[in-house]
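*Asks:* Below is the structure, and that's it, no one-letter string:
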């Protein structure tokens, strides 16, 4: 007895031969779409001031005054010029995707943004600044601008040494 095939076996073989590549391509596309979704959520969280639904503390009046003294108008936490927000990238790495601030990301002033992102994600040790006369003058000007200066006749205090 002789058997013969009937039907579209050539087409079935062709479809099955290309299935693994098409499946990989579809999977890569889905992962990239998810990564872009998460990037959008991170950026929206920074823009709204409540990433992950937890609102940032409002900026202190002195912080806002220092920003104004330096020529910045923004009032949102972590957003002065938008460098950090704009540096959030999506990069395909092997079978996965990285969403975050790249080590090579720089601010408009040339500073590394990955360090700022790491401090805000993981925290840091206390940062101790030397208060020079120039820094003290800036702080006092910011305090005056924010209406937080000491009554006349008393030396204003920054609360730092």
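*Replies:* Here it is on my side, so go on. Not measured: the values here are computed from a predicted model.

*Asks:* Please report how far the residue nearest to the spatial centre of the chain lies from residue 3.
*Replies:* The chain has residue 85 as the residue nearest its centroid, 4.5 Å off, counting by C-alpha atoms, centre = their mean. Distance, residue 85 to residue 3, using C-beta to C-beta, to the nearest Å: 67 Å. All C-beta spots, glycine's among them, are computed from the backbone N, C-alpha and C.

*Asks:* that older thread, excluding its own residues, what touches the host helix or strand of the residue nearest to the centre of the chain? List them.
*Replies:* Taking DSSP states H and E as the definition, residue 85 sits inside helix 83-86. Contact with helix 83-86 is made by 43, 46-47, 78-79, 101, 107-108, 113, 116-117, as judged by C-beta atoms under 8 Å, 6 or more residues apart in numbering.

*Asks:* Could you report the separation of the nearest residue to the residue nearest to the centre of the chain once chain neighbours are set aside from residue 99?
*Replies:* Spatial nearest neighbour of residue 85, excluding adjacent residues (C-beta to C-beta, 6 or more residues apart in numbering): residue 46 at 4.8 Å. As judged by C-beta to C-beta, residue 46 and residue 99 stand 13 Å apart.

*Asks:* gap between the longest helix seen in the chain and the chain center?
*Replies:* Determined from DSSP state H, the single longest helix within the chain is helix 9-48. What separates the centre of helix 9-48 from the centre of its chain is 24 Å, taken as C-alpha atoms, centre = their mean, to the nearest Å.

*Asks:* residue contacts, residue 76?
*Replies:* 46-47, 49, 59.

*Asks:* On the secondary structure side, give me the element for residue 97.
*Replies:* Secondary structure from DSSP H and E places residue 97 in strand 96-101.

*Asks:* Next SSE downstream of that strand?
*Replies:* helix 113-122.

*Asks:* before we move on, back to that, off-centre distance for the helix holding residue 85?
*Replies:* Chain-centre distance of helix 83-86: 6 Å, with C-alpha atoms, centre = their mean.
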